[in-house]
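**Student:** whatever this is, show me its structure:
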Amino acid sequence: MKTILTAAAALALSTVLHPAGAVAAEQTFSAPVKDDVLSRMFTWWNQAIKDPNGFTVEAFSRYFTDDAVLRINGTNRAAGIQNLTERFRMIQKGVEAVEIKVPFVEAFSSPDGSKIFTYHLEEAMEKGKTSHSMVMGYAEIRDGKIALVNFISIDGQPGPIAGK
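**Tutor:** Numbering: from 1, shown residues only. Just a heads-up that it's a prediction; the model follows:
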């Protein structure tokens, strides 16, 4: 019992002395959740894309680091808050609708909370035609914000899972 109490006290003290460790512990998870920074960002994003003035540098700054990178299918699509804002304004003008499905199909964090891995679905409408995508990858988190989005995206919808 004394060993357990000593370990608990040491953990509590390390949290006080090292608050970053406390933040990482709060950001770790092994299933989809609604309160991680990536889920919160996509929830915001789903609303912002409907608003012609929704994508602003200030809004992106709430979720992304100043030097954030958006990488899709191995290609950097945007780097930095200004570039992210411009990219998503361009997408916004070219589609009638886009929705990132939240909560994600699957999601988990790295043990230290520095990465969020996800499998999620997207639905879009462009020129009256609906499209679906399956997206997998991860986001790197630094100081509570997204520093890198590194996703692989393919067109289509998930089919039946064998054995289910």
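**Student:** for the rest of this, base every contact and every neighbour count on C-alpha atoms.
**Tutor:** Noted.
**Student:** which residue is nearest the centroid of the chain?
**Tutor:** Compute the mean C-alpha point of the chain, and by CA atoms, centre = their mean the closest residue is Leu38, 2.5 Å away.
**Student:** all helices of this protein, in order?
**Tutor:** Ranges of helices within the chain are 2-17, 19-26, 37-48, 57-61, 81-94, based on DSSP state H.
**Student:** the residue nearest to Ile72 when sequence neighbours are not counted pairs with what?
**Tutor:** With sequence-adjacent residues excluded and distances taken as CA to CA, 6 or more residues apart in numbering, Ile72 is closest to Phe151, at 5.0 Å. Per DSSP bridges, residues listed as beta-bridge partners of Phe151: Ile72, Gly137.
**Student:** these two touch, right, Phe151 and Tyr138?
**Tutor:** Yes: using CA atoms under 8 Å as the test, Phe151 is close enough to Tyr138 to be in contact (6.3 Å).
**Student:** where are the low-confidence patches of this structure?
**Tutor:** Where the chain drops to pLDDT under 70, the residues are 1-27, 161-164.
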